[in-house]
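Chemist: show me how the following folds:
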Amino acid sequence: MTIKYEPLNRRERIVKLFREAIEAENRKDLETAKKKLDEILHESLDVEPEFYFEACFRLADIFLQEDNYRGAVKCALRAILRAPSEDHYRLGVKRLGDILAIIKKENRLGELAENMDATLRLIEEDEELHRFTLALVKLARGERVREKFILPEFNEVFESLIE
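Modeler: Next up is the predicted model:
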């Protein structure tokens, strides 16, 4: 039997999980924090898109702390793909840019050159996001990439990576 939470109860549960995840992260218990955030992702998928969006980026932050750069980028891409509004989408691209700036500063962009096939398939439905990610993978492989995107935020992020 599946328990179906009423919206208010679901929201309260998600807020409680966020609190527990943040407390775990503050204690440096990253495994517990990731489990709590993963629960939020499952609870909020398709029903609470703002929570899903934020949980993806919290998880991306934890992956950065663990030097799991590919995991951080994948979480950010999932958040952007399911962004609940255009404002969230643009904010997500900027936050992805922040993640990529950290990865670039650590000289670890090359880690994004492999094992991105599943993520690329996941984001195929968003043509612009897919093109951006393909260009990012090519750049990570050391290829020279000149790409222009419709969304100015994508261009800003990409230009900051090739400087």
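Chemist: could you pull out the strands for the protein?
Modeler: Taking DSSP state E, the chain contains no strands at all.
Chemist: so where's it uncertain?
Modeler: Scanning the chain with the threshold set as pLDDT under 70 gives 1-8.
Chemist: buried ones in stretch 47-65, by neighbour count?
Modeler: 48-49, 51-64 (16 or more other Cβ atoms under 10 Å). C-betas here are computed from N, CA, C, even on glycine.
Chemist: just flag the most distant two among the residues you listed.
Modeler: Spanning the widest gap among the buried residues of stretch 47-65 are Glu48 and Leu64, at 24.0 Å by Cβ to Cβ.
Chemist: center of the protein - which residue?
Modeler: Centroid-nearest residue in the chain, with Cα atoms, centre = their mean: Ala76, separated by 1.2 Å.
Chemist: ok now do that residue, which residues does it touch?
Modeler: Taking Cβ atoms under 8 Å, 6 or more residues apart in numbering as the contact definition, Ala76 lies against Cys56, Phe57, Ala60, Gly92, Arg95, Leu96, Ile99.
Chemist: same thing with Leu77?
Modeler: Leu96, Thr119, Leu122, Ile123, Leu129, Thr133 are the contacts of Leu77 under Cβ under 8 Å, 6+ apart.
Chemist: just give me the closest of those residues to Gly142.
Modeler: Thr133 (16.6 Å).
Chemist: right, and the closest one touches Met116 too?
Modeler: Yes. If you go by Cβ atoms under 8 Å, Thr133 and Met116 touch, sitting 7.1 Å apart.
Chemist: now that we have the contacts of Leu77, can you turn them into JSON lines and tack on distance to Arg19?
Modeler: Below are the contacts of Leu77 laid out as JSON lines (distance: Cβ to Cβ, whole Å):
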{"residue": "Leu96", "distance to Arg19": "26"}
{"residue": "Thr119", "distance to Arg19": "29"}
{"residue": "Leu122", "distance to Arg19": "29"}
{"residue": "Ile123", "distance to Arg19": "30"}
{"residue": "Leu129", "distance to Arg19": "31"}
{"residue": "Thr133", "distance to Arg19": "32"}
